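1. test case, fold it:
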Amino acid sequence: MVNVLRGFEPAPQDLVLSLLGAHHVPREHGAVWSGGLVRLLEEFGFSAGAARVALNRLVGRGLLDRSKDGRHVHYALTPRTVAVLAEGDRRIFTLGEFPREETTWTVLWHSIPEDRRLARTRLVRRLRFLGFGSVQDGTWLAPHDREDEVAALLAELDVTAHAGVLLGRPATAIDFATFVARVWDLDDLAERYRAFVENFRGREVADDRQALLLRTRLVHTFREFPFLDPELPADLVPAPTHRAEALRLFHDLYPALAPAAQRYFDEVTMP
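-> Residues are numbered from 1 along each chain as shown. Modelled structure (predicted):
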């Protein structure tokens, strides 16, 4: 494993989606040769066996479709995965785009039955990606008007009957900044932004292969920030110290690496 991957330990299923999300263009059409995907996962330190298990599990989860063309097996993104990746792109590429002042907040609470555990797990993950933080079990808070996104999400998971949503603003008579620091770990968020800048600032690559490795690590690491950063209003809590630098670094480096990374992806995934 090359040095640009030091400390990078993604789950293989997540890494497949990062690779396809970043380099499989267009996402809505065509399929990718399984042997190429296996080889790419091997580049990140996974065995061929572990890579094939990851691909099979993504099929089982309904995130990839499998097809066969003669001796070759191919994988394609399902419509559900395309939609999730598009939602992810919107959050990733608009993160921190505008300074946020006092805003409408969204409160969601749910009591999803135990026999709908999978729906509850998916709801929680998607809520975090929308900038929600957990106040207590079944109660979530976001410093945004998320009415439309939440309504669509509840309908998609068929749990609308088990949830309630309220829009409003914090009372000014209490120290709300102290409260939100208990909902989101702001110290950890600041440290993650600092580490991101330290990891990726000044990175250079020697060839197309290293460009793909670095670009994949970059986006896979950055995509965690929408789960962690609620983008709190600046008049309530100052922005994390290194956030602006991390955003500039990502938006400069990600497109700069794209041509070389795409060449290597196409070369490897061509049967």
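
2. that's a strand at Val165, yeah?
-> Yes: assessed by DSSP: H, G, I helix; E, B strand; the rest coil, Val165 belongs to a strand.

3. is it bridged to anything, and to what?
-> Leu108 (DSSP bridges).

4. so which elements touch the lowest-mean-pLDDT helix or strand in the chain?
-> Sorting the helices and strands of the chain by mean pLDDT, DSSP states H and E puts helix 79-94 at the bottom, at a mean of 87. On a contact count with 3 or more C-beta pairs under 8 Å, 6 or more residues apart in numbering; DSSP states H and E, helix 79-94 meets helix 12-23, helix 117-129, helix 225-228. The way it works is simple: take the backbone N, C-alpha and C, and place the C-beta from them, glycine included.

5. return the most buried member of those helices.
-> Compared across these, helix 12-23 shows the largest average neighbour count, a mean of 22 (mean count of other C-beta atoms under 10 Å).

6. for Tyr193, give me the pLDDT.
-> pLDDT recorded at Tyr193 is 95.

7. equivalent analysis for the one 5 residues further on, please.
-> According to the model's per-residue confidence, Glu198 sits at a pLDDT of 94.

8. measure it to Leu249 for me?
-> Distance of Glu198 to Leu249, given as C-beta to C-beta, to the nearest Å: 10 Å.

9. and the two? which has more neighbours close in?
-> Each of Glu198 and Leu249 has its neighbours counted (other C-beta atoms under 10 Å); Leu249 has more, 20 against 11.

10. three-state assignment of the more buried one?
-> Going by three-state DSSP: Leu249 is helix.

11. helices of the stretch 51-200 of the chain, start to end?
-> 79-94, 117-129, 147-157, 176-183, 186-200 (DSSP state H, counting those that start in this stretch).

12. and these as CSV, adding distance to Thr269?
-> As requested, these are arranged in CSV below (distance: least, C-beta to C-beta, whole Å):
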stretch, distance to Thr269
helix 79-94, 17
helix 117-129, 27
helix 147-157, 30
helix 176-183, 42
helix 186-200, 25
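
13. ok, now which ones touch the closest residue to Ser67 other than its chain neighbours?
-> Nearest residue to Ser67, sequence neighbours excluded (C-beta to C-beta, 6 or more residues apart in numbering): His74, at 5.1 Å. His74 sits next to Ala31, Val32, Trp33, Ser34, Arg66, Ser67, Lys68 when contact means C-beta atoms under 8 Å, 6 or more residues apart in numbering.
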